[in-house]
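In: Output the structure for:
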Amino acid sequence: AYQSHKMLCRISRSKKRRLVPSLYRFSIHRCQSSGVNGTVPLNSEVIPNNKAESGGHTVFLHGLLGNGRNLKTFAKQVCKETSSTGYLKDLRGHGKSRLYSTDPHQQQLQQQKHSFEACVQDVAQATESIPVTSIVGHSFGGRMALQYAATMPSESLERVWLLDTVPGKANASVEQVIDTVDQVVTDIKNSSSTMDRKQLIQKLTQAGLDKGIAMWLASSFDGSDFGFDLSVVHDILPEFGTQDFYGLLEEILAKNIKVDLVRGGKNQEWSSGPDGMSTLRKLEEIQRQYPDKFATHVLPKAGHWVHVDDMKGLVNLFATK
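Out: Numbers count the residues shown, from 1 in each chain. Down below sits the predicted model:
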C-alpha cells in the first residue's frame, strides 16, 4: 500500500560493517527480457558485483506507479554490502515496461485483463536465466515478491524481503492518487495540450494530493502522460484486497525460505483502520510459529518509503543477515 502523506521510498548491523563512501563505482547495464506466452518483457538494470566473492543474485521490485529507478540508490548499497549482483525490474505497465500499441504482441496484451498472477509470470520469465537467491519488494513490489516466492519453482531462492508491504486492501489514498492522475490525463487529451512539471505539481496539489507525492509523480511525467499504464493499475488494484497474503507467506516459510518484513515505524497504516492491530497480531503469531524463518523489523524513523527515510538503517539489516 501507499500513503499520500509519506513521500519517497531509504538497513542495524551487529558487526557494524561501515557503508563505503560513494567512491565505490557501479556500472549499470540495461537489458530487456523477451515476452512469451502472454508475458510482458520487463526492462531491467543490472548492478554487477565487482568484488571477488559472490553473494548471490538479488532482484528488486518497485511499488505501484513507480519504476526500478526508485530503488537504485538503495539497491547499490545492498549489493555492495552483500557482494551480490542486483537486478532492478520495471514491473508490467511501469517505467520502460509499459505496453505500447505499436508492438503487435503488446496490442494483444492491452486487450487482456491484467492481474497479479500475470505480473508475477512476467518476473518469472524475466529471471528465468538468473539463479535468484533473494528478492526484495517495496509495497506493491513486496506483494509480487511474496507471490513469486510462493508460486514459482526455484531451487536457488533463499530469502524474501518485504519493505513496508502492508497486507489487505490498498489504502484509500492510493485510489485518490489514481483518480486524480486519471483526471489530469483526460484533461490534457481533451485540450490537446501539454503541461510542464511545475504546472502538473500545481494541478495535483490543487486536487488535494500531498506535494511530495505530486513531485514524485511529476518525475515520470513527459508533458502529456505519466510513466505507468493506468489500464494496468486499474486492473490490478482490486487484487490488493483479495491476495491471500498470510497464506502465501506460510507457503514460502514451508519451503524453508526465510522472509524478512520491514515496517516503517511512522507508517500509521500498520496500526490504524479496521485491520490494523489484527494485522500486527497475525504477523506476531506467524513469527512465533516460524522463529527461525520469519522476522519483522521496525525502522522508527521511517515512513512508508523505508529505503529513503532510513536507508542506512535498512541497508544495515541486509548487511547483518
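In: what helix or strand does the nearest residue to residue 203 once chain neighbours are set aside sit in?
Out: Excluding the flanking residues, the one nearest residue 203 by CB to CB, 6 or more residues apart in numbering is residue 184, at 6.1 Å. The way it works is simple: take the backbone N, C-alpha and C, and place the C-beta from them, glycine included. Using DSSP states H and E, residue 184 maps to helix 172-191.
In: Quick check: mean pLDDT of that helix?
Out: Taken as a whole, helix 172-191 has a mean pLDDT of 91.
In: And that helix, what's buried?
Out: Judged by neighbour count using 16 or more other CB atoms under 10 Å, the buried positions of helix 172-191 are 173, 174, 176, 177, 178, 180, 181, 184, 188.
In: Just the CA trace of that helix, in CSV.
Out: The C-alpha trace of helix 172-191 is given here as CSV (Å, rounded to 0.1, in the frame of the first residue of the first chain):
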residue,chain,number,x,y,z
ALA,A,172,-7.8,4.9,0.2
SER,A,173,-5.1,7.4,-0.6
VAL,A,174,-4.0,5.2,-3.5
GLU,A,175,-7.4,5.4,-5.1
GLN,A,176,-7.3,9.2,-4.6
VAL,A,177,-4.0,9.4,-6.4
ILE,A,178,-5.1,7.2,-9.3
ASP,A,179,-8.4,9.1,-9.7
THR,A,180,-6.5,12.4,-9.8
VAL,A,181,-4.0,11.2,-12.3
ASP,A,182,-6.9,9.8,-14.4
GLN,A,183,-8.5,13.3,-14.5
VAL,A,184,-5.2,15.0,-15.4
VAL,A,185,-4.6,12.7,-18.3
THR,A,186,-8.2,13.1,-19.5
ASP,A,187,-7.9,16.9,-19.3
ILE,A,188,-4.7,17.0,-21.3
LYS,A,189,-6.1,14.8,-24.0
ASN,A,190,-9.2,16.8,-24.3
SER,A,191,-7.3,20.1,-24.6
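In: Would you mind pulling the contact partners of the next helix or strand after it?
Out: Using DSSP H and E, the helix or strand that follows helix 172-191 in sequence is helix 197-206. With contacts defined as CB atoms under 8 Å, 6 or more residues apart in numbering, helix 197-206 is touched by 180, 184, 195, 211, 213, 214, 215, 217, 218, 219, 221.
In: So which of those residues sit within helices?
Out: 180, 184, 211, 213, 214, 215, 217, 218 (DSSP state H).
In: from those, which would you call buried?
Out: Buried among these (16+ other CB under 10 Å): 180, 184, 213, 214, 215, 217, 218.
In: that older thread, now the buried residues of helix 172-191 as JSON lines including distance to residue 138?
Out: Shown next, in JSON lines, are the buried residues of helix 172-191 (distance: CB to CB, whole Å):
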{"residue": "173", "distance to residue 138": "16"}
{"residue": "174", "distance to residue 138": "14"}
{"residue": "176", "distance to residue 138": "20"}
{"residue": "177", "distance to residue 138": "16"}
{"residue": "178", "distance to residue 138": "18"}
{"residue": "180", "distance to residue 138": "22"}
{"residue": "181", "distance to residue 138": "20"}
{"residue": "184", "distance to residue 138": "24"}
{"residue": "188", "distance to residue 138": "29"}
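In: In JSON lines: the buried ones among the ones in helices among the contacts of helix 197-206, plus distance to residue 301.
Out: Output for these, formatted as JSON lines (distance: CB to CB, whole Å):
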{"residue": "180", "distance to residue 301": "29"}
{"residue": "184", "distance to residue 301": "33"}
{"residue": "213", "distance to residue 301": "20"}
{"residue": "214", "distance to residue 301": "23"}
{"residue": "215", "distance to residue 301": "21"}
{"residue": "217", "distance to residue 301": "24"}
{"residue": "218", "distance to residue 301": "26"}
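In: Tell me the pLDDT of residue 5.
Out: 35.
In: Same check on residue 117?
Out: pLDDT, residue 117: 96.
In: Secondary structure element holding it?
Out: helix 116-126.
In: for that helix, which positions count as buried?
Out: So, applying 16+ other CB under 10 Å, buried residues of helix 116-126: 116, 118, 119, 120, 121, 122, 123, 124, 125, 126.
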